[in-house]
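Trainee: Sequence plus predicted model, see below.
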Amino acid sequence: MQKLTNKEEEVMQILWKLQKAFVKEMLEEFPDEKPHYNTLSTIIRILEEKGFVSHKSFGNTHQYFPIVSKEDYSKKYMKNAIENYFNNSYKNMVSMFAKEEKISAEDLREILKMIENKSQD
């Protein structure tokens, strides 16, 4: 599975949200600056070539849908980020978020409860 560019990832986020959509429907989901219709079509075709998206034809138009789940993609690239930036240590990653005040003590307690409950299953 290839790493997506920022624009490709943005399009995939929209497609994961909609589950299936025509280019015009995807354009409506962009918050501020919407890409040109042809630009979005090109990005979607690239995503199709990379194996992330497929389509169903309706005459001359195509309805696109993801064939790689958001969960599968995020697991793969979170694992890579942890390996590359945190010396393969989840502890280092959580520590960085705590130092940057991106995670609270209450959040950490909830995470601990989740871990403890998981080990009891």
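Mentor: Structure received.
Trainee: Now for the residue nearest to the spatial centre of the chain: which residues touch it?
Mentor: Centroid-nearest residue in the chain: Lys70, 5.0 Å away (criterion: Cα atoms, centre = their mean). Counting by Cβ atoms under 8 Å, 6 or more residues apart in numbering, Lys70 touches 12-13, 16. Heads up, the C-betas are built off the backbone N, CA and C, glycines and all.
Trainee: now, which of the residues you listed sits nearest Ser41?
Mentor: Nearest to Ser41 among the contacts of Lys70, counting by Cβ to Cβ, is Met12 at 14.9 Å.
Trainee: Please report how far the closest one lies from Val68.
Mentor: 8 Å (Cβ to Cβ, to the nearest Å).
Trainee: Tyr77 too?
Mentor: Using Cβ to Cβ, Tyr77 is found at 11 Å from Val68.
Trainee: Between those two, tell me which one has more neighbours.
Mentor: Shown here are Tyr77 and Val68; by other Cβ atoms under 10 Å, Val68 has more neighbours (17 against 14).
Trainee: The closest residue to that one other than its chain neighbours: neighbour count?
Mentor: Computed as Cβ to Cβ, 6 or more residues apart in numbering, the closest residue to Val68 that is not its neighbour in sequence is Phe52, at 4.7 Å. Phe52 has 22 neighbours, counted by other Cβ under 10 Å.
Trainee: Show me how this protein divides into domains.
Mentor: Following automatic domain parsing, the chain resolves into domains at 6-66, 70-120.
Trainee: In this structure Tyr37 contacts Phe22, no?
Mentor: No - with contact defined as Cβ atoms under 8 Å, Tyr37 does not reach Phe22; the gap is 10.7 Å.
Trainee: For the two, indicate the residue with more neighbours.
Mentor: Between Tyr37 and Phe22, Phe22 has the larger neighbour count (other Cβ under 10 Å), namely 15 against 12.
Trainee: what's near enough to touch that one?
Mentor: Contacts for Phe22 were tallied using Cβ under 8 Å, 6+ apart; they are 61-64.
Trainee: where does this structure have low pLDDT?
Mentor: For the chain, the stretches with pLDDT under 70 are 119-121.
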